[in-house]
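Undergrad: coords please:
(5 chains, ligands or ions: 4)
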Amino acid sequence: MTPETILVQSLGGLARAGVLFMLAAGLTLVFGALRVINFAHGSLYMVGAFVGATIVLRTSGNFWLALIAAPLVVALLGGLIEVSVLRRIYRREHLIQLLATYSLVLIVGDLVRLIWGAQYLSISVPNIFAESVQVAGQPLPLYNLVIITFACVTAVALWALFYRTGLGRDIRGAVSDPEMLGLVGVNVPALFTAVFMIGAFVAGLAGVIIAPSTSVGLGIDVETVVEAFAVTVIGGLGSFVGALIGAVIIGQVEAFGIMWVPRAALAFVFLAMAIVLGLRPYGLFGEPER
Amino acid sequence: MRTALRSQTTATPRSRIVLSAVAALIALALPLLLQESELLLVVEMLVLALWAVSYNLLLGYTGLVSFGHAAYYGVGAYTVALLWSKYGISPLIGLVASAAVTAIISFFTGLFCLRSVRLYFALLTLAVSQVMFTIVFEWYDFTGGDNGIHGIELPGFLSSAPNLYFFVLVVSVVCMLIIKAIVNSPFGGALLCIRENRQRAAFIGIDVKRYELIAFIISSTFSGIAGGLYAFYDRQVFAGLLNWTKSAEPVLVSLIGGMYSFFGPAVGAALFIFLNAFLTRYTTYSALALGALLLMLALVFPGGLAELASLARARLLRRGQHELETDETAAAQPTASERKP
Amino acid sequence: MDRTNSESELLKLDAINAYYGTSHILFDLSLAVSDGEVVCLLGRNGAGKTTTLLSILGLATVKSGRVWYEGKDVQKMPPYRMARNGIGYVPAGGRVFPNLTVRENLEIVRGAKAPQRWTVQRVFDLFPRLGDLANNAAGGLSGGLRQMLVVGRALMGNPRLLLLDEPTEGLAPIVVRSLEDLFLKLKGTGVAMLLCEQNHRFALKVSDRAYLIDKGQIRYAASTAQVRGSDELHRYLGV
Amino acid sequence: MSAMDGALLQVRGLRKWFGGLQAVDGVDLSVRPGEARAIIGPNGAGKTTLFNLISGHLRPNAGQVLFQGRDITGRPPHAIVHAGIGRAFQITSIFSRLSVFESVQMALLAKQKRTMSFFRPRARLVVDQTTAILEAVGLGEQAKMPAGAISHGDQRALELAISLAANPTLLMLDEPTAGMSPWETGRTMEMIRRIAREQGITLLFCEHDMEVVFGTADRITVMHQGRVLAEGTTNEIRQNTAVQEVYLGSDEQ
Amino acid sequence: QSSAPSSQSAGASKQGGETVKLGMATDLSGSAALLGVAGVNGVTLAVEDLNAAGGVLGKKIELIVRNTEGRPEAGTREVRDLIQREKVAALMGPVSSAVGLAESAVAKENKVPIFLHTSNTERLTVDLGHPYVFSVVPNTGIEGRAQAIDMAKLPYKTYYIIGPDYEFGHLQANAFKEKMKELRPDVQFVGEQWPKLGETNYQSFITAILAAKPEAVYSNLWGGDLVGFTKQAKGYGFFEKTFFTALYDVEVLSTLGSDTPNGVRGFSRAPFYAIDNPKIGPWVQKYRNRFGIYPSDWPIMAYDAVNLWAAGVKKANTFEADAVVKALEGYKFDSLRGPLNIRAADHQGDVASYMGEVGSTDKYPFPIYKSVRAVAGDKAWMPEGDIAKLRANPRQ
Ligand SMILES: Nc1ncnc2c1ncn2[C@@H]1O[C@H](COP(=O)(O)OP(=O)(O)OP(=O)(O)O)[C@@H](O)[C@H]1O
Ligand SMILES: Nc1ncnc2c1ncn2[C@@H]1O[C@H](COP(=O)(O)OP(=O)(O)OP(=O)(O)O)[C@@H](O)[C@H]1O
Ligand SMILES: [Mg+2]
Ligand SMILES: [Mg+2]
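TA: Ligands and ions are numbered 1, 2, ... in the order given. Model prediction:
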């Protein structure tokens, strides 16, 4: 393998990591604060992609509008879900929440099919990013760099939100004892709605970002959510840094793995997860249980 | 724990005998009452019921959430199928082998996965099962890849639907009764302690990891038998049997039926299969309908059907003896500590 | 019962019946706390003290009866609004936010607006050991340190009424002594308190009045002077 | 502070730090069989941490724990239970959705190594023993209640019952009467003393209630900032000015 | 001999009343849903046409559609229900071959004919073939070999393969490879990649392929996967660096639109504009009137499937399954794609495969194949002799 190949291969893996991170970050945020394993996160991502692609197709190519509007739509959907479903079950056992979010996967999946049909959508990369850049004498899609940049911005924004703002402190407080949090004067229902909407927003954003580089079709919800979970777990639940590193690991393992053992492509994510958890049973940046 | 309590307090032997007798009569009469396709639906229910009950030994009784139990179900099914297709071994022997094979595999996977706890454990089981899925999926020469193995031939006496039904009925009911005995044994009690409070369990002298491993193996073994029975039912196996989407089934079914009730998951299984079959008859959007039903269940009866049943029972009881039920219904309330990690 | 007239009643429970599931815990329980008054609620384990506090906070199932605070029925009021209206709660068992630092545990509070506002620094002055551990995760605190933190956290809300559930549990004698001083000082600043205690010596020292509760019912209500050494104290507490 | 021959429990140079914090900083301790030893000290002195180190909940960074002459340092909790050390927790740690009865019953079965039995119904096992323990701690009436639904004080009693079920040689109690009413406190300590005497159980306990400490302990060890500040009989400790200063407060005696 | 729990009534023969039922359990959810929906369109149109013409043997046809969600076990369950409760006379196949195999097994047990139009693993008709299964879709063998026959003329010597990781991808690519090696012993296969079905990220696969520097890349990626691959590959200058061919059908090309790489070689099963048969033009018009879109490959084949069954019934003059099967063996069928021979040995129609270089056109709102070629089915299907061999010793 030449150094150029390694470079190009790892850049491809990074772009993948970018998308995975954006998904995992939302999952980790929602899990961290609400203690809800949100299976429907992939569904929100799918809705983001469909809404984004539809906006672009309807406005004959206005990607920027989609980039703002679609995540907002998804955030609103997230708010709706939080208020109408999750809010009623925070105090239930975790598995009941799992049941609820799983049923949301079924519902949203079929609703998307009902609204958009089975047709897959495709939008083009916006013109200014449609170019290729030369790296090590090879053309590479500029859009990959856009994805990576977006992921980095998301990472920093979420980290700052979590550790540098009062909202972040409230969220971390909610992690352990939401009831007590209410009793010290924090409007917990509103906080939870906000957190879920932020998570949904990021998922929607990921959906729009990914849309130009692939086809938007049914089934991308579950396809992605499992991998995003793997990333979250590798990094350690509730840790943004972990999600970031986990995403990079998965991205690189996939990128190089397929060059050595193409037939194992299906399993790379899970092998990586098994190995990391085998070495560190609570993920790279997770907290060991007290 | 409500079952645990109940075993000491309610359900007098007589009412239980009557109940069992009625159930047995219905079970015997079913082949006369149902069409073949409906009878086979019942067979499917029995298979899933056994799987769910064995899964619930982990979920409801040990407090371990596995997201990868399809691996053992699938391995059980493939054991029957491969022994038949590669070596011409009778599926009956294959069924016994499926228990042995899953027991051995789950010993190693359990040992590995149990290094982690809680959600990490859950996702580690998922990872391990997906690796096993990939092996089955990719190993075309041996397993037939994603499309699997078809046309498994059963011994002659199982070639009629009623006979197949009786066979599956006997195997699954016997297995469930064995699991029930385990649940009510001191070992089962130790599992409950672990479920409630792993740390405290260790401090009363329970070797937590060891008990969890044994529970994992027992649960996986019976899941393997359930998978073996699936191969009897469908006479084909395919890689999807090991996939994570399949792993969701016992979880869902246990939650639908109620994970704190022993037969809850079995009832949940029956309902799940029925809904799946029933809804597809009327709509091609059955996932939407199923999702809506599940969501309602989660919102209104988070204790599953078992909660529904105990509410109904409480209402009946209230007429006669007001005192008795108070403990139980109080227990149904989630305690404040439940939400804490 | 010597109850002050209703104008000055800050908190009033009127014939509360509370339940856990179907088990009836509190029976027609009534009590009142006046502005700036310290009232203690004494009773054996399981008598219903915690349940009384939870009923006030809307965290227990109250099937009949009313809870008035500042003359308003607060039963439908969400917990955070109670906190912002000046109800501070000190739960039993050192219920801190374990994954926040000691400092964050204090900063997270959104309490009532008050002229003499509590600050993190004031709490640290009060409990210097906490100040030393300001940036440590509260989950690592010892039982007693948690108890101090929980009291400090309640103060951060600038409460007008403090609901205290066994604040001295697990505290070293020397700290209990300082809490005594603190509560008397707080009383001086006009903070009313409803204090559930097992340490009746402590409770009677800081309170104006006492209620004795047993099996979910108020059995005796009197001034602390009357309660001290009374038969009822012996009957209901076994001392 | 001499290491005595024939000590039941001997702790040598035990250290534990959390990050930069020296929670236990070189503790030596020796407890004789049959003794009732209290550990007191300001909040955060390291008492619970010391208990955690002895009972196997935490691994020490340095030092040794000897029990009946055998090194048990860093053994897992269940092994230490079987070696004969029982423990009750400061923060109540029970089996919320098991009944009170079952909780104690399981503790008995676990200690008797009868939990590896798969097909015998457990409902009828060790019923008398369980009932006896429940009666002893005054939980006879609550036997069928879910452990999570009894009051705080009753849960403390249950905590104790579970520890007693392990039939320990050494019973470690972390603030056994915290949260108990005076009536229950008196009753509980009386019971503990009685059971300890009858069964020859050695007691090691922390407590902030001085009446309990002085009424129960034979000897007292005072900890401060992770170290042993003083050790002696109840009277010696009562008189000790250093102890008064950091812990008791000036006018306690 | 079958050990199946066999039903007493072989549904099909006991048709009473004025209608006859036709069942279809296919994949209407998940990533293959588009094909399932398109297939249902084709079947619906065929049923409407037959009913408009007075039905079959004077009976109106009633279509019952079920969603299998791509799960074989659902296929088994639904088809069993369709046969035993609904008493359908015949079945139309699903999309996924795994579901197809499951349905085919139940059809065989219950002796009800099943007509495949989309799922196309060769195992369906060959290895696990039985009297009641018919296929009007180029199976993996036909399709792979047809591409090799056409591509053998190309100068390339090093090939790379990328396909979706499931039965279809592997079997079809194998057929291509074997035929290619037979026709061009000098061709080398330098690598393979198998992204999972429904993959959205092809970056690493693309760079891995480019790193191997093949002269040509053969792919049987399809649908949304192919759209994603194409878009991502463009940024890497993929199509300038290597020759590429894949399943660019009407659907993919209309989705890709301006993102289509000019001149890329496509192949598919029934591109309507490339079919040389007078029936197709009016039919496309009818389809557009009915559904408002141009037909992709799938409705055309599904339409043929229904009509093949109807033709069999008419010829046998009964709905009785065995008679219909008999009637169709060796039958010459007038399909939308022209005359088809249904081979007796495997009940496979000698359907053609189509290929050409993609370019834009003013006639249609999507790019089409230029210089269309078709390889006839009987040039590419499995020699009759091999069928018996594989039936005795199936590939697994
Ligand atoms: N979650 C619960 N479910 C059912 N019953 C409960 C629950 N919590 C408490 N109880 C019951 O309510 C009664 C009152 O309990 P409460 O906690 O209010 O007592 P308390 O006076 O605070 O006692 P303590 O001093 O021990 O804390 C007790 O009899 C107890 O058994
Ligand atoms: N898991 C932990 N992580 C970090 N710090 C800890 C941990 N456990 C204890 N500490 C710290 O170690 C010190 C000793 O704590 P410990 O719980 O042993 O005190 P204690 O003597 O039992 O106090 P109390 O009488 O209040 O219960 C305290 O400063 C505490 O904050
Ligand atoms: Mg209380
Ligand atoms: Mg302590």
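
Undergrad: The worst-scoring helix or strand of chain C on mean pLDDT: which residues count as buried?
TA: Among the helices and strands of chain C, helix C:231-237 carries the lowest confidence by mean pLDDT, DSSP states H and E, at a mean of 85. With burial defined by 16 or more other Cβ atoms under 10 Å in any protein chain shown, the residues of helix C:231-237 counted as buried are C:Glu232, C:Leu233, C:Tyr236, C:Leu237. C-betas here are computed from N, CA, C, even on glycine.

Undergrad: repeat for stretch B:145-159
TA: B:Gly145, B:Asp146, B:Asn147, B:Gly148, B:Ile149, B:His150, B:Gly151, B:Ile152, B:Glu153, B:Leu154, B:Leu158, B:Ser159.

Undergrad: Columns pLDDT, secondary structure and distance to chain E on top of those residues, output as JSON lines?
TA: JSON lines is the format used below for the buried residues of stretch B:145-159 (pLDDT from 0 to 100; DSSP: H, G, I helix; E, B strand; the rest coil; distance: Cβ to the nearest Cβ, whole Å):
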{"residue": "B:Gly145", "pLDDT": "86", "secondary structure": "helix", "distance to chain E": "6"}
{"residue": "B:Asp146", "pLDDT": "85", "secondary structure": "helix", "distance to chain E": "5"}
{"residue": "B:Asn147", "pLDDT": "85", "secondary structure": "helix", "distance to chain E": "5"}
{"residue": "B:Gly148", "pLDDT": "89", "secondary structure": "coil", "distance to chain E": "7"}
{"residue": "B:Ile149", "pLDDT": "92", "secondary structure": "strand", "distance to chain E": "6"}
{"residue": "B:His150", "pLDDT": "90", "secondary structure": "strand", "distance to chain E": "6"}
{"residue": "B:Gly151", "pLDDT": "88", "secondary structure": "coil", "distance to chain E": "6"}
{"residue": "B:Ile152", "pLDDT": "92", "secondary structure": "coil", "distance to chain E": "9"}
{"residue": "B:Glu153", "pLDDT": "92", "secondary structure": "coil", "distance to chain E": "4"}
{"residue": "B:Leu154", "pLDDT": "93", "secondary structure": "coil", "distance to chain E": "5"}
{"residue": "B:Leu158", "pLDDT": "93", "secondary structure": "helix", "distance to chain E": "8"}
{"residue": "B:Ser159", "pLDDT": "88", "secondary structure": "coil", "distance to chain E": "5"}
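
Undergrad: and the residue most central in space within chain E, backbone torsions?
TA: With distances taken as Cα atoms, centre = their mean, chain E has E:Thr118 as the residue nearest its mean C-alpha position (3.2 Å). Torsion angles at E:Thr118 (phi, psi; degrees, to the nearest 10) stand at phi -130, psi -50.

Undergrad: contacting residues for it?
TA: E:Thr118 makes contact with E:Thr26, E:Leu35, E:Gly36, E:Gly39, E:Gly93, E:Pro94, E:Val95, E:Val137, E:Trp298, E:Met301, E:Ala302 under the criterion Cβ atoms under 8 Å, 6 or more residues apart in numbering or on different chains.

Undergrad: Report whether the one helix or strand the fourth one maps to contacts chain A.
TA: Spelled out, it's E:Gly39. In the assignment (DSSP states H and E), E:Gly39 maps to helix E:33-52. Yes: shown here: helix E:33-52 in contact with chain A (Cβ under 8 Å from any Cβ of the partner chain) through E:Ala33, E:Leu34, E:Gly36, E:Val37.

Undergrad: still on that earlier bit, now, which of the contacts of E:Thr118 lie within strands?
TA: E:Thr26 (DSSP state E).

Undergrad: From D:Ser55, how far off is D:Ser93?
TA: Distance from D:Ser93 to D:Ser55, counting by Cβ to Cβ, to the nearest Å: 12 Å.

Undergrad: who touches both of these two?
TA: B:Phe203.

Undergrad: who has more neighbours, these two?
TA: D:Ser55 (23 against 18; other Cβ atoms under 10 Å in any protein chain shown).

Undergrad: Quickly name whichever of the buried residues of stretch B:145-159 is closest to ligand 4.
TA: Closest to ligand 4 out of the buried residues of stretch B:145-159 is B:Asp146 (57.8 Å), distances taken as Cβ to the ion.

Undergrad: list the contacts for the closest one?
TA: B:Phe137, B:Phe238, B:Ala239, B:Gly240, E:Ala98, E:Asp165, E:Tyr166, E:Glu167.

Undergrad: Between which two of the residues you listed is the distance greatest?
TA: Farthest-apart pair in the contacts of B:Asp146 is B:Phe238 and E:Asp165; separation 14.5 Å (Cβ to Cβ).

Undergrad: ok, the two, which is more surrounded?
TA: B:Phe238 (30 against 22).

Undergrad: which residues does that one contact?
TA: The neighbours of B:Phe238, taking Cβ under 8 Å, 6+ apart as the test, are B:Gly144, B:Asp146, B:Asn147, B:Gly148, B:Ile149, E:Pro72, E:Ala98, E:Leu101, E:Ala102.

Undergrad: I'd say the fifth one and B:Val237 touch.
TA: Meaning B:Ile149. Yes: in this structure, B:Ile149 is within contact of B:Val237 by Cβ atoms under 8 Å, at 5.2 Å.

Undergrad: quick one: secondary structure of the residue of the stretch 1-150 of chain D found nearest chain C?
TA: Chain C sits closest to D:Asn43 of the stretch 1-150 of chain D, with a gap of 2.5 Å, by Cβ to the nearest Cβ. Following DSSP: H, G, I helix; E, B strand; the rest coil, D:Asn43 is assigned to coil.

Undergrad: same check, this time on A:Asp170
TA: When classified by three-state DSSP, A:Asp170 comes out as helix.

Undergrad: roughly how far apart are it and ligand 3?
TA: Counting by Cβ to the ion, to the nearest Å, the separation of A:Asp170 from ligand 3 is 27 Å.

Undergrad: Quick one: neighbours of that residue, just the number.
TA: For A:Asp170, using other Cβ under 10 Å, the count is 24.

Undergrad: contacting residues around it?
TA: Here A:Asp170 is in contact with A:Leu181, A:Val186, A:Leu191, C:Ile108 (Cβ under 8 Å, 6+ apart).

Undergrad: Among those residues, pick out the one closest to ligand 2, please.
TA: C:Ile108 (19.2 Å; Cβ to the nearest ligand atom).

Undergrad: Isn't the closest one up against A:Leu183?
TA: No: using Cβ under 8 Å, C:Ile108 makes no contact with A:Leu183, being 11.2 Å away.

Undergrad: Counting neighbours, go ahead and name the busier of the two.
TA: Neighbour count, other Cβ under 10 Å: between C:Ile108 and A:Leu183, A:Leu183 has more, with 28 against 22.

Undergrad: Let's have the contacts of A:Asp170 in a markdown table, adding pLDDT and distance to ligand 1.
TA: Below are the contacts of A:Asp170 laid out as a markdown table (pLDDT from 0 to 100; distance: Cβ to the nearest ligand atom, whole Å):
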| residue | pLDDT | distance to ligand 1 |
| --- | --- | --- |
| A:Leu181 | 94 | 20 |
| A:Val186 | 94 | 24 |
| A:Leu191 | 95 | 25 |
| C:Ile108 | 95 | 26 |
